[in-house]
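Asks: Quick one, what's the 3D model for this:
(2 chains)
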Amino acid sequence: MMHKIGLGLLLLVIAALAGAEMPAIDIGRLVDLTSKVATANAPIPVEREIEIGRGLAASMLGASPLYPDDGLQRYINHVGRWLADRTERASLPWHFAVLDTETVNAFAAPGGYIFVTKGLLRVAGSESELAGVLAHEIGHVLRSHHLEAIRKQAMAGIVADVAGMFAGNRGVDLGPLIGIGMQVYARGLDRDDEFEADRIGVVVATRGGYEPYGLPRVLLALNAMNPAAGNLSLLSSTHPPFPDRLARLEQLMLGRFDAYAAQPQLAERYQGYCRALH
Amino acid sequence: MYARIVIRPLAAMLPILLAVRVFAADFGNAMALYQGGRYPEAITEFLALANGLDADAMFILGDMYANGQGVTQDPVQAHKWYNLATAHGAKGAAQVRDQLAARMTAVQVADAQGLARAWQPGQDEPVTEAPAEPAPPPKPAKAKPVAPVKKAPTTAEPPTPIRSEPPPAPIPAPDARWAAAEPPPATPPMPSVPPAATEIPTPAPAAPPRVEVLPPTARSASVAVTETAPPAVPAPPAAQTPPPAATTTPRSGGFFANLARGTTGLFGRSPAPTERTATATIGIRGLSADELRSANPNPAAVQQMEAYRADTVQASSFARDAALAAQTVEYLPSPTPATTGQNSYQPLGPR
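Replies: Predicted coordinates:
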C-alpha cells in the first residue's frame, strides 16, 4: 500500500514535470496491449489461415497476373501437390501458380497458396530444382512463417480486434491483415525463417524422390546472376545472401543425402513444360 | 495508469515548483516510431517515458530487447523491463516476463532481477541516434548472417555487424546469452529493407575467429563422402585444389560449387541460361516491393488458380510417370546459433 501511495506521488511529480504535454490515456492502446498477450499464443483455426492466405493470393495476383499456360499451371500443381502430400500438412488445399513476371522469386501464403515466377522458372533447369523451390515455400507454410509474421506485426500495430481476426470470428474484415501480409512480402521474413525453409525444402524434395540438391543448384544459379539485375532485387533484399544459405545447407547436407544422390532430376520433363516460356 | 487521468488537472499547478522539465516524450509518437520500424528513435522515446514511470513504455522496452529491435537482443534487459512494467502496473507484463524467464538460466533471471531492483528513473539515458562507434561497414544488412544473440553488444566489428542498428549505447549490457541451446524465439518481425537493390555482393569476409568450431566437422564429413560416395557424387572440396571454374561463380565455393561443376547436369546448363537471363533482364524492374504493397486484389484470378489444383491421386500418377519414388527422410536438425551464426560459404570452400 505504501508502495502504491509512493508511486502515486511519484507519478504526480512526474506528471507535473511533464506539464500540459502529458498525453491523454489512450484506452484503445490499453485494450490492444491487453489483448496482445491473449492473442500472442492462441492457435489460429485452419479455416481462418486459409481465408487469410486466399486474401493474400488475391493481392498477389493483383500485383502480377497468372502466366497464361494451362499446361504449365497444372504441371506445377502436380509437382507441388506431390511434395505437399509428403508433409505433415497434406490435408491443406494446396494451390500453386506461375506468375507472369520476369522477376525471379517465389512466394508462400498461409493455407497453402504458393507462387513461383516465370523468371524463376527460367533460372531453374530441372524438375528437381523446381521441387526444391516449391518445397522451400511449402516449408514456410508448414511452419506458419508468414502467418506468425503477420500476427506479430498486427499485434504491434493499432489494428482493431486483432484477437478476433486470428480467433476466426465471423464477419471480421481481414483487410488490415492482408495489408500487413503484403508488407511482409515486400520486406521479407526473418532470416531464420528462410534458413528453416531451406532445411525443410531439401528434405521435402528428397522425400518426393527427387535428387536432393535441387534447391542448392538454384541458389548457386542465382548466386551466379548479376545481383544488380532488376529482376533479382526483390529476392535479394528479402532473403539472406545466397552464399550464407548455401553454407548452411552444405553443412547440414554433407554426408546425409548420399543415399539419395542418384534420384532423378527430371530435366527433360521440366524443360518440356518450360522451354516455351515467353 | 488511471492515476494519471486523475492527476492531470493537478499537474498543471505543479510546474511552478519545478523549473526543469525532465521529459516531454509522447507515447503516441513513440508508438508511431516503433510501428514504423524506426527503432532507434522509438527507444529514445520509450526510455524517456519509462523514466516517467510509464508502465506501457517499460513493457514495450521489454519487447524491444526481447526481439532485438533497435538494440542487441538481450533477455536479461528484456526481463528487467518486463519486471519493471509489471511493478508499475502494466497488464500482462507479468505473464510475458514469466514466459521469458522460463527460457533463461537462473543466473540470468537473478541478474535481471538485480537490474530491475537497482533501476531508478533517469539512469537509462536515452539512446543517442548517432552512435559514437565507428561507422558501420558498407554492407551491414547483407554482409553476414547474424548470430542473433550470441554477440555481446560490443563495438561493431566490421565483418559481423549486428543488422544495421546503432550499438545499444548507454544501457548497461549484462551477459546477453539465452539459456541452453534454445534458439531465440523472437526476432524483429520486419527487418528493415536492406539496401540490396544496387549493391554487388562481395565475397564473404575471411573467417572470423569464432569460425574455428566449424571446419573440423565439415571437413571430416566431406572426407567421409569421398570414401563412401558413388561415382556420381562429385569429389568433396577437401580433396580438391581450387578449381579454375571458380571464375564462373565467383561468390561461391564449397561442396555445392563442386556439385555444380560436376557431371550431373548443372554445370552443363547453368552458366549459359543464367547469364543470358541476367543480362537480358537488367533494367526490367519486375515485381517490386511497391507493387506488392499497393496491389489491388484480383479475386477472379484466385478462382482461376484454384481451378488448377491437383489432388493426391493426380499428383501420385504424375510422379509415377517419371518413376519418382517417395522416400522417408527426417527433417534436418535446427543448428544452434553457435554453429551457424558465423558460417559463411566462402570459408568452407576449397583451399
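Asks: So the closest residue to chain A within the stretch 51-200 of chain B versus residue A:155, what's the distance?
Replies: With Cβ to the nearest Cβ, the shortest gap between the stretch 51-200 of chain B and chain A falls at residue B:92, namely 3.5 Å. Every residue, glycine included, has its C-beta placed from N, CA and C. The spacing between residue B:92 and residue A:155, counted by Cβ to Cβ, to the nearest Å, is 11 Å.
Asks: likewise residue B:121?
Replies: 28 Å.
Asks: higher neighbour count, these two?
Replies: Between residue B:121 and residue A:155, residue A:155 has the larger neighbour count (other Cβ atoms under 10 Å in any protein chain shown), namely 20 against 13.
Asks: For the helix or strand that one falls within, name the packing helices and strands.
Replies: Using DSSP states H and E, residue A:155 falls within helix A:145-156. Applying 3 or more Cβ pairs under 8 Å, 6 or more residues apart in numbering or on different chains; DSSP states H and E, we find helix A:145-156 packed against helix A:27-40, helix A:46-63, strand A:106-109, helix A:162-167, helix A:175-187, helix A:191-207.
Asks: least reliable of those going by mean pLDDT?
Replies: In terms of mean pLDDT, the lowest-scoring of the helices and strands packed on helix A:145-156 is helix A:27-40 (a mean of 57).
Asks: which intervals of chain A have sub-threshold pLDDT?
Replies: A:1-40, A:158-159 (pLDDT under 70).
Asks: and residue 80, how many residues sit next to it?
Replies: All of this refers to chain A. 28.
Asks: was after chain B, sorry
Replies: When neighbours are counted by other Cβ under 10 Å, residue B:80 registers 29.
Asks: With residue B:321 instead?
Replies: 10.
Asks: ok, now how distant is it from residue B:314?
Replies: Taking Cβ to Cβ, one finds residue B:321 at 11 Å from residue B:314.
Asks: Then residue A:83?
Replies: From residue A:83 across to residue B:314, the span is 14 Å (Cβ to Cβ).
Asks: Show me the domain layout of the chain.
Replies: Assuming you mean chain A. Taking automatic domain parsing as the criterion, chain A consists of the domains A:2-35, A:42-274.
Asks: You answered for a different chain; I wanted chain B.
Replies: B:1-188, B:225-243+B:253-261.
Asks: among the ones you listed, which gets the worst mean confidence?
Replies: domain B:225-243+B:253-261 (a mean of 41).
Asks: got the contact list for the closest residue to residue A:54 other than its chain neighbours?
Replies: Distances taken as Cβ to Cβ, 6 or more residues apart in numbering or on different chains put residue B:302 closest to residue A:54, at 6.1 Å, once the chain neighbours are dropped. Residues near residue B:302 by Cβ atoms under 8 Å, 6 or more residues apart in numbering or on different chains: A:54, A:57-58, A:61.
Asks: Just the element for residue B:302, please.
Replies: Here residue B:302 is assigned to helix B:299-307, by DSSP H and E.
Asks: quick one: is whichever helix or strand comes after that helix near chain A?
Replies: On the C-terminal side of helix B:299-307, the nearest following helix or strand under DSSP H and E is helix B:312-321. Yes: against chain A, helix B:312-321 shows contacts by Cβ under 8 Å from any Cβ of the partner chain at B:312, B:314-316, B:318-319.
Asks: Now tabulate the helices and strands packed on helix A:145-156 in a markdown table and tack on distance to residue B:52 and mean neighbour count.
Replies: Below are those laid out as a markdown table (distance: least, Cβ to Cβ, whole Å; neighbours: other Cβ atoms under 10 Å in any protein chain shown):
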| stretch | distance to residue B:52 | mean neighbour count |
| --- | --- | --- |
| helix A:27-40 | 16 | 16 |
| helix A:46-63 | 38 | 23 |
| strand A:106-109 | 42 | 25 |
| helix A:162-167 | 27 | 21 |
| helix A:175-187 | 31 | 22 |
| helix A:191-207 | 35 | 24 |
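Asks: can you list those in a markdown table and add distance to residue A:224?
Replies: Shown next, in a markdown table, are those (distance: least, Cβ to Cβ, whole Å):
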| stretch | distance to residue A:224 |
| --- | --- |
| helix A:27-40 | 42 |
| helix A:46-63 | 27 |
| strand A:106-109 | 18 |
| helix A:162-167 | 41 |
| helix A:175-187 | 25 |
| helix A:191-207 | 18 |
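Asks: helices or strands up against the helix or strand that residue A:217 is a member of?
Replies: Residue A:217 is part of helix A:214-224, with elements assigned from DSSP H and E. Contact partners of helix A:214-224 among helices and strands, from 3+ Cβ pairs under 8 Å, 6+ apart: helix A:118-123, helix A:127-142, helix A:191-207, helix A:242-253, helix B:254-261, helix B:266-269, helix B:271-281.
Asks: Once you drop chain neighbours, what's closest to residue A:100?
Replies: Nearest to residue A:100 is residue A:67, by Cβ to Cβ, 6+ apart, at 4.2 Å.
Asks: Thought residue A:116 was touching the one you found, still the case?
Replies: No: the pair residue A:67 / residue A:116 is not scored as a contact, 9.6 Å apart, by Cβ atoms under 8 Å.
Asks: any residues touching stretch B:321-329, and which ones?
Replies: Applying Cβ under 8 Å, 6+ apart, the contact partners of stretch B:321-329 are A:82, A:86, A:127, A:203, A:206-210, A:260, A:263-264, A:266, A:269, B:319.
Asks: Which among those count as buried?
Replies: A:82, A:86, A:127, A:203, A:206-210, A:260, A:263-264, A:266, A:269, B:319 (16 or more other Cβ atoms under 10 Å in any protein chain shown).
Asks: Determine which two of those are furthest apart.
Replies: A:203 and A:269 (22.0 Å; Cβ to Cβ).
Asks: Surely residue A:116 forms part of a helix?
Replies: No: read with DSSP: H, G, I helix; E, B strand; the rest coil, residue A:116 is strand and lies in no helix.
Asks: Quick one: residues contacting the closest residue to it other than its chain neighbours.
Replies: Nearest residue to residue A:116, sequence neighbours excluded (Cβ to Cβ, 6+ apart): residue A:106, at 4.4 Å. Taking Cβ under 8 Å, 6+ apart, we find residue A:106 in contact with A:114-117, A:120, A:133-134, A:136-137.
Asks: just residue B:46 next, same as before
Replies: Residue B:46 sits next to B:25, B:30, B:34, B:57, B:60-61, B:64 when contact means Cβ under 8 Å, 6+ apart.
Asks: Residue A:147 now?
Replies: Per Cβ under 8 Å, 6+ apart, neighbours of residue A:147: A:44, A:49, A:52, A:110.
Asks: now the residues you listed as CSV including distance to chain B?
Replies: As requested, the contacts of residue A:147 are exported to CSV (distance: Cβ to the nearest Cβ, whole Å):
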residue, distance to chain B
A:44, 16
A:49, 15
A:52, 13
A:110, 14
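Asks: Now flag whichever of the residues you listed is closest to residue A:166.
Replies: Ranked by distance to residue A:166 (Cβ to Cβ), the contacts of residue A:147 are led by residue A:44 at 5.0 Å.
Asks: Over to that closest one: give its phi and psi.
Replies: phi -100, psi 120 (degrees, to the nearest 10).
Asks: Model confidence for the residue nearest to residue A:54, exactly?
Replies: So, for residue B:302, pLDDT stands at 97.
Asks: where does the stretch 201-350 of chain B have low pLDDT?
Replies: In the stretch 201-350 of chain B, residues with pLDDT under 70: B:201-286, B:336-350.
Asks: Nearest to chain B within the stretch 101-250 of chain A, name that residue for me.
Replies: Going by Cβ to the nearest Cβ, chain B is nearest to residue A:103 of the stretch 101-250 of chain A, at 3.1 Å.
Asks: how many other residues sit next to that residue?
Replies: 25.
Asks: and what of residue B:293?
Replies: The burial count for residue B:293: 15, using other Cβ under 10 Å.
Asks: didn't it look like it was pressed against residue A:186?
Replies: Yes: the criterion here is Cβ under 8 Å, and residue B:293 meets it with residue A:186 at 5.1 Å.
Asks: how far is stretch A:61-75 from where the chain is centred?
Replies: Relative to its chain's centre, stretch A:61-75 lies at 19 Å (Cα atoms, centre = their mean, to the nearest Å).
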